[in-house]
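S.K.: structure, please.
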Amino acid sequence: NLRNTHINIGLRQLSRRTIASSARRQLDNTVKEKQKLFQEDNGMPIHLKGGSKDALLYRATMTLTVFGAGYVVYVLFTAAMPKKPQ
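M.R.: Next up is the predicted model:
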């Protein structure tokens, strides 16, 4: 029983040590650069100033929106038209 207690205490200390001393990845603070980029008056809309990823995300969103709106109109139109009896 003393051996199990000793093992449990050792495991608790080990787990505490690995959690407390786990190396966190240091991230560079890029807020100032991002502020300069987004506040720059270059005629670009704010949602495209992030670069090619923003442009791709914008195009995908607009494509899905247009196709989704078209599909909604199609479904509403087909639901509003009664089916012809055969």
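
S.K.: quickly note the distance from the closest residue to Lys49 other than its chain neighbours to Lys32.
M.R.: Computed as Cβ to Cβ, 6 or more residues apart in numbering, the closest residue to Lys49 that is not its neighbour in sequence is Phe38, at 5.4 Å. In short, each C-beta sits where N, CA and C put it, glycine included. Going from Phe38 to Lys32 by Cβ to Cβ, to the nearest Å gives 11 Å.

S.K.: give me the more crowded residue out of those two.
M.R.: Phe38 (11 against 8; other Cβ atoms under 10 Å).

S.K.: and that one, which helix or strand is it part of?
M.R.: Applying DSSP states H and E as the criterion places Phe38 in helix 31-39.

S.K.: centre of the chain to that helix, how far?
M.R.: Here helix 31-39 is found 20 Å from its chain centre; the criterion is Cα atoms, centre = their mean, to the nearest Å.

S.K.: likewise for stretch 56-63?
M.R.: 15 Å.
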